[in-house]
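fold the following and give me the result.
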Amino acid sequence: MELPSIAEFYRNRCVLVTGGTGFMGKVLVEKLLRSCPDIETIYLLARAKSGAKIQDRIQEVIGTQIFDNLRQNQPEVFGKLKAIAGDVTLPELGISAEDLQLLQEKVTIVMHVAARIKFDRDLKEAVDINVKGTRRVVQLCRQLPLLKAVVHVSTCYIHLDKPELDEVIYAPPIEPQQLIDAVESMNSAQLHDLIDRLLLTCPNVYACTKAVTEYLLQKEGAGLPLTIVRPSIVTAAFKEPTPGWIDNLNGPTGMIAGVGKGLLRALRYKPDAIGDIIPVDYVTNLVVAAAWYTATYNPAETAIYNCCTGHMNPLTWDQFRRKSFDIGRKYPIKDILWYPSVSVKNNKYLNQMDICLYHYLPAYVIDTVTRIRGQRPRMVRVYDKVHRALSCLDFYMNRQWQFNSNNLVKLIDVMSEEDRQTFDFDVRTIDWQSYMQAYVIGTRQFILKEDLSTLPAGRIQQIKFYWIRFALHIFLLALFYLVFNFLFQYSKEDGELIPTEFPAVIKPLLHIQSPLKR
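Numbers count the residues shown, from 1 in each chain. Below is the predicted model of the structure:
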């Protein structure tokens, strides 16, 4: 059947978005405003802050840099944004009777993006937001008579006890209601034991609660025009609204920033494992298109889209590291702590040795000097925080799965050529070199707050620290040589002490290439 274009479909429609104040939510809202110019209203479910009006949350969202283009060229589109006071952790989402009536009269599309994505052990909060919060959204959807599509954003990283995952809903490690009852009735010790059992098949409580939520949707969302979008590791924007835009240090972004600053110098990952990253604009484009397809075609079953790159356009973790490292040297950071370099080990014991040598040994030296000067030490605490963040990625970087994404291709096939260009999520076309350049520069600009005007100063700093590192290497090699000779390398011959040749094992370390020759 011939389908209307996506922009035409959204003409005069009202959309409810949860999580619209988060990273992905902001990109989604901007995309709807820019590429669906005739959309009537976007309702943002948002918590009201103490002492502030709910509409102030709209100003927070549109004050983000990604809205600059709209703010300059189409400021009138922001009149289409309306905040709805509510919270996914509250009964009936905390929506007032007046706002509920408004949503019932207007809303035809619901995009549920809100989630708790922390990789910690707070199972109670994760259940309240991810599981019970989604149940509350489902209950709201059943009260919307004009509803045409519901898109729920999940994650690929569930049921990771399987090496290959299809676009189907799998049985969870625990029934949704059983999990909810357990969390509400157990004491802290019992919860601790429950978490340990759950994490036998899931890497963290985020993945566990997302798996349970999908099963809940299958059961309690039956009859709704439901679609599930499962992104893999969501990273910086590729093309829109601003290449390289990112607003958090989660996942690989923290690696790029840490290595670029000279702070992160030891990593552990499986080199040939696929780092299944996906640009955030590809995910939001899929969300917009999936709602269009669900409402227009009305499929009999819940459509599930694995939004990932590893199935059709893989990038390994080692390729990710090499590309980001090479690009980072071309666009160096101005305020670095040390010359950017990193030691990679797959073996966790060798990695721990690197961490002690490259992270904690310098940190304790710096903190000792800081204490002597009467200042507050902080480097050891910084590295403690860095390693807690890296531990969240450790599970993903040392294993590999295949997420089949055939439904994504089928959706692309029914779209017009114009829609494929405007709402691009064809991961087969991603050029990783171009993307990594946008990602590295974006991390530099939006996370580390250094624009391209600081590049000359960054290059000076990089060269300075290169020579400091070179001098340190020479000093350590000379010291090692002297100690080695003193202890082991002298032999008695005709009553004289004769030095042997410089140890061959350390000769290659003397051949260090200057960044000026790169």
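
now do the strands in the stretch 51-200 of the chain.
Remark: strands assigned in the stretch 51-200 of the chain by DSSP state E, counting those that start in this stretch are 81-85, 107-112, 149-153, 164-165.

would CSV of those with distance to residue 386 be doable?
C-beta here means a position set from N, CA and C on the backbone, and glycine is covered the same way. Formatted as CSV, the strands of the stretch 51-200 of the chain follow (distance: least, C-beta to C-beta, whole Å):
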stretch, distance to residue 386
strand 81-85, 36
strand 107-112, 33
strand 149-153, 28
strand 164-165, 30
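
quick one: closest of the ones you listed to residue 300.
Nearest to residue 300, of all these, is strand 149-153, at 14.3 Å by C-beta to C-beta.

and that closest one, what does it pack onto?
strand 107-112, helix 133-141, strand 226-231, helix 280-297 (3 or more C-beta pairs under 8 Å, 6 or more residues apart in numbering; DSSP states H and E).

which neighbouring elements make contact with the longest one?
When contacts are defined as 3+ C-beta pairs under 8 Å, 6+ apart, helix 280-297 packs onto helix 6-9, helix 23-35, strand 107-112, strand 149-153, strand 226-231, strand 233-235, strand 303-307, helix 406-414.

what's the first helix or strand after the first one?
The one in question is helix 6-9. Remark: after helix 6-9, the chain's next helix or strand is strand 14-18, criterion DSSP states H and E.

that following strand to strand 81-85, inter-axis angle?
Counting by axes from the mean of the first three to the mean of the last three C-alpha atoms, to 10 degrees, strand 14-18 points 50 degrees away from the direction of strand 81-85.

state the mean pLDDT of strand 14-18.
Averaged across strand 14-18, the pLDDT comes to 97.

next one: stretch 169-189
Average pLDDT, stretch 169-189: 89.

pull the CA atoms of that stretch into CSV?
Once non-C-alpha atoms are left out, stretch 169-189 reads as follows in CSV (Å, rounded to 0.1, in the frame of the first residue of the first chain):
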residue,chain,number,x,y,z
ILE,A,169,10.5,-10.6,23.1
TYR,A,170,12.2,-13.2,25.3
ALA,A,171,11.0,-14.5,28.7
PRO,A,172,12.6,-12.4,31.4
PRO,A,173,14.7,-13.7,34.4
ILE,A,174,11.7,-13.0,36.7
GLU,A,175,8.0,-12.2,36.1
PRO,A,176,7.2,-8.4,36.2
GLN,A,177,4.8,-8.6,39.1
GLN,A,178,7.0,-11.0,41.0
LEU,A,179,9.8,-8.5,40.7
ILE,A,180,7.7,-5.6,41.8
ASP,A,181,6.3,-7.5,44.8
ALA,A,182,9.8,-8.6,45.8
VAL,A,183,11.3,-5.1,45.7
GLU,A,184,8.4,-3.7,47.7
SER,A,185,8.5,-6.3,50.4
MET,A,186,12.1,-7.3,50.8
ASN,A,187,14.6,-5.8,53.3
SER,A,188,18.1,-4.7,52.1
ALA,A,189,19.8,-8.0,52.7
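
quick one: buried residues of it?
169, 172, 173, 174, 176, 179, 180, 182, 183 (16 or more other C-beta atoms under 10 Å).

from those residues, which land in helices?
Counting by DSSP state H, these place 176, 179, 180, 182, 183 in helices.

what's the nearest residue to the second one if we skip its chain neighbours?
Using C-beta to C-beta, 6 or more residues apart in numbering and skipping residues adjacent in sequence, the residue nearest residue 179 is residue 212, 5.6 Å away.

surely that neighbour touches residue 182?
No: in terms of C-beta atoms under 8 Å, residue 212 does not count as a neighbour of residue 182; the distance is 11.2 Å.

list just the one of the helices and strands packed on helix 280-297 that sits closest to residue 75.
Proximity to residue 75, assessed across those by C-beta to C-beta, is greatest for helix 23-35 (10.9 Å).

now the residue nearest to residue 179: which helix or strand?
Using DSSP H and E, residue 212 sits in helix 205-220.

CA atoms of that helix as CSV?
Coordinates of the C-alpha atoms in helix 205-220 are reproduced here as CSV (Å, rounded to 0.1, in the frame of the first residue of the first chain):
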residue,chain,number,x,y,z
VAL,A,205,19.9,-3.9,37.0
TYR,A,206,19.3,-1.6,34.1
ALA,A,207,19.4,-4.4,31.6
CYS,A,208,17.4,-6.7,33.9
THR,A,209,14.6,-4.2,34.4
LYS,A,210,14.5,-3.4,30.7
ALA,A,211,14.1,-7.1,29.9
VAL,A,212,11.3,-7.4,32.5
THR,A,213,9.7,-4.3,31.0
GLU,A,214,9.5,-5.7,27.5
TYR,A,215,7.7,-8.8,28.8
LEU,A,216,5.3,-6.5,30.7
LEU,A,217,4.6,-4.6,27.5
GLN,A,218,3.8,-7.9,25.7
LYS,A,219,1.3,-8.9,28.4
GLU,A,220,-0.2,-5.6,29.6
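
so which elements touch that helix?
Short answer (3+ C-beta pairs under 8 Å, 6+ apart): helix 205-220 packs on helix 123-126, helix 133-141, helix 176-185, helix 188-198, strand 226-231.

change it to 7 Å
Where contact means 3 or more C-beta pairs under 7 Å, 6 or more residues apart in numbering; DSSP states H and E, helix 205-220 is packed against helix 123-126, helix 133-141, helix 176-185, strand 226-231.

reformat the ones you listed as TSV; add distance to residue 207.
As requested, those are exported to TSV (distance: least, C-beta to C-beta, whole Å):
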stretch	distance to residue 207
helix 123-126	10
helix 133-141	15
helix 176-185	13
strand 226-231	11
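
indicate which one of these is closest to residue 452.
Among those, strand 226-231 sits nearest to residue 452 (C-beta to C-beta), with 29.2 Å.

what strands line up against that closest one, and which way round?
Here strand 226-231 has these sheet partners by DSSP bridges: strand 149-153 (parallel), strand 303-307 (parallel).
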